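**Q** Sequence first, predicted model second:
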Amino acid sequence: MFKRILQVLMTGLLLVTPVAVATSATQQGVQAATATSAPQVDASAAIAIDPQSGQVLYEKNADQVLPIASMTKMITAYIVLDQIKQGKLKWEQTTKPDAAIYKLSQDKELTNVPLQADKAYSVRELYQAMLIASANDAAMMLANLVAGSQKNFVDLMRQKVSQWGIKDAKLYSVSGLNNQYLTGETYPGSAADAENEMSASEVAIVAQHLLKTFPEVLETTKQTAFTFGPKTIDETKMATWNLMLPGQNNAPKDYVVDGLKTGTTDKAGDCFTGTATKDGQRILTVVMHANGSDKGRRFIETNKVMQYVFDNWQQTQLVKKGATIKPFATADVKYGRTKTVALETPQAIAMWVPKGTQVANVDWDYQVVQGGQKRQLTAPVKKAAVIGKVTPKIAGVTNRYLGTTPQYTVQTKTADPKANVFVLIGTGVREFFTNLF
């Protein structure tokens, strides 16, 4: 009999194996109000997202693969910034143009900065020229410096977007130029008129990663002008192509645009990836092949999307940092002294919802990390032990996210050590007799 009791005790004291079971529950939160009609955007494709969570707030043909032109340079910028972060590249490091890049730089019909064949240029000035003035030759010089060749850098670009879950990208150049302008520098096996292509959703994912990993990029993209090669034979005053920045022709009055990247080719038309803030809330938009006769058409169509989002949506906090999500307030602790522990979320949980919402129920998708569906843990339990992940869902509000759907941590707020040996023996005896009958 005593041997049997010990077996029960030993079995019960084993740690629970982590599982992955999805459940759902509800809590007081917000209920969606009906937003006004979405704008009629005169472009081939468009999308608006929350750059933090990836929540989609507007979309039109967002998954259609189209030419992206110089919006490509956001991928190039990400890789350059990552190289600097890793210490493999330095801002003051210099490089000279090769023969092909020098020849390209003399073509005034393309977006370039003036280069001298035998002069070295710093990473910083090439990076600024690439992002502010969209200089193709600057992007190509950075690519050669990082990877040794245009082909090798394109391979890095392909690897990076694949890591981000982008499947439809067609990447052939580091700048976004069509192959017909890259004599002797085209990607092996690509068509004579090949051009980089992605969907609006995929371009938004690129911009999202750039903003989240390197938010300092906005310190460059918000600049309206800069001087390339100051006090040298190359000195050239250059202006931004982003006419939605403050003080520019298409600058909005109701919110502030501080990035990111334009793009233009015959195939791509006028494109723009933009990011803007209002009342401390940031959105990210992509407009591809804007139509119309106005020279600022890509900014006119972008304004329609941005204004719609800011007028009709707002980011609402559902749970405060360190607060309890009511359906997941506690967890049982087997063989613990207190037998329960309080739960909390270590981060605030927010979601974009239509303005004018009413208080109602939030549905929570719960992914179990530890403790089973009933959230039963086994002592000892440490404070801040992660036991689950949650994702909010609200009826009538889009649940489409780009990239990975956000999951917020549920963890223990308190600890619970093992009960003393006499309590454990008593518990084991009760379990034994309960099992008998």
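**A** Okay, I see it. Everything quoted here is computed from the prediction, not taken from an experiment. Residues are numbered from 1 along each chain as shown.

**Q** Quick check: chain neighbours aside, which residue is closest to residue 363?
**A** If the residues on either side of it in the chain are set aside, residue 363 comes closest to residue 393, at 4.4 Å by Cβ to Cβ, 6 or more residues apart in numbering. Glycine gets a C-beta too; all of them are placed from N, C-alpha and C.

**Q** What does the pLDDT read for the one you found?
**A** Residue 393 is assigned a predicted lDDT (pLDDT) of 87.

**Q** if I read this right, it contacts residue 353, doesn't it?
**A** No: the pair residue 393 / residue 353 is not scored as a contact, 11.5 Å apart, by Cβ atoms under 8 Å.

**Q** So between the two, which is more surrounded?
**A** The residue with more neighbours, out of residue 393 and residue 353 and counting by other Cβ atoms under 10 Å, is residue 353; that gives 25 against 15.

**Q** helix, strand or coil for the more buried one?
**A** Reducing the assignment to helix, strand or coil with DSSP: H, G, I helix; E, B strand; the rest coil, the entry for residue 353 is strand.

**Q** State the distance from residue 311 to residue 55.
**A** The spacing between residue 311 and residue 55, counted by Cβ to Cβ, to the nearest Å, is 17 Å.

**Q** Next, the contact list for the residue nearest to residue 363, please.
**A** Going by Cβ atoms under 8 Å, 6 or more residues apart in numbering, residue 393 touches 24, 362, 363, 364, 365, 399.

**Q** What subset of these is buried?
**A** Buried positions within the contacts of residue 393, assessed by neighbour count (16 or more other Cβ atoms under 10 Å), are 362, 363, 364, 365.

**Q** Tell me where the stretch 51-200 of the chain has strands.
**A** Listed in chain order, the strands found in the stretch 51-200 of the chain under DSSP state E, counting those that start in this stretch are 56-60, 65-67, 94-95, 121-122, 197-199.

**Q** CSV for those strands, including mean neighbour count?
**A** As requested, the strands of the stretch 51-200 of the chain are arranged in CSV below (neighbours: other Cβ atoms under 10 Å):
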stretch, mean neighbour count
strand 56-60, 22
strand 65-67, 20
strand 94-95, 16
strand 121-122, 19
strand 197-199, 23
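
**Q** so can I have TSV of the ones you listed showing mean pLDDT?
**A** Converted to TSV, the strands of the stretch 51-200 of the chain look like this (pLDDT from 0 to 100):
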stretch	mean pLDDT
strand 56-60	96
strand 65-67	98
strand 94-95	96
strand 121-122	96
strand 197-199	98
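
**Q** export those to a markdown table and tack on distance to residue 338?
**A** Shown next, in a markdown table, are these (distance: least, Cβ to Cβ, whole Å):
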| stretch | distance to residue 338 |
| --- | --- |
| strand 56-60 | 43 |
| strand 65-67 | 56 |
| strand 94-95 | 64 |
| strand 121-122 | 62 |
| strand 197-199 | 52 |
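
**Q** Would you point out which residue is most central in the protein?
**A** residue 208 (3.1 Å; Cα atoms, centre = their mean).

**Q** Give the full set of residues in contact with that one.
**A** For residue 208, the residues meeting the contact criterion (Cβ under 8 Å, 6+ apart) are 49, 51, 54, 284, 402, 403.

**Q** Let me know the closest of those to residue 134.
**A** Closest to residue 134 out of the contacts of residue 208 is residue 284 (18.8 Å), distances taken as Cβ to Cβ.

**Q** Count the neighbours of the closest residue to residue 367 other than its chain neighbours for me.
**A** For residue 367, the nearest residue in space outside its immediate sequence neighbours is residue 389; the separation is 4.4 Å by Cβ to Cβ, 6+ apart. The tally of other residues near residue 389 (other Cβ under 10 Å) stands at 18.
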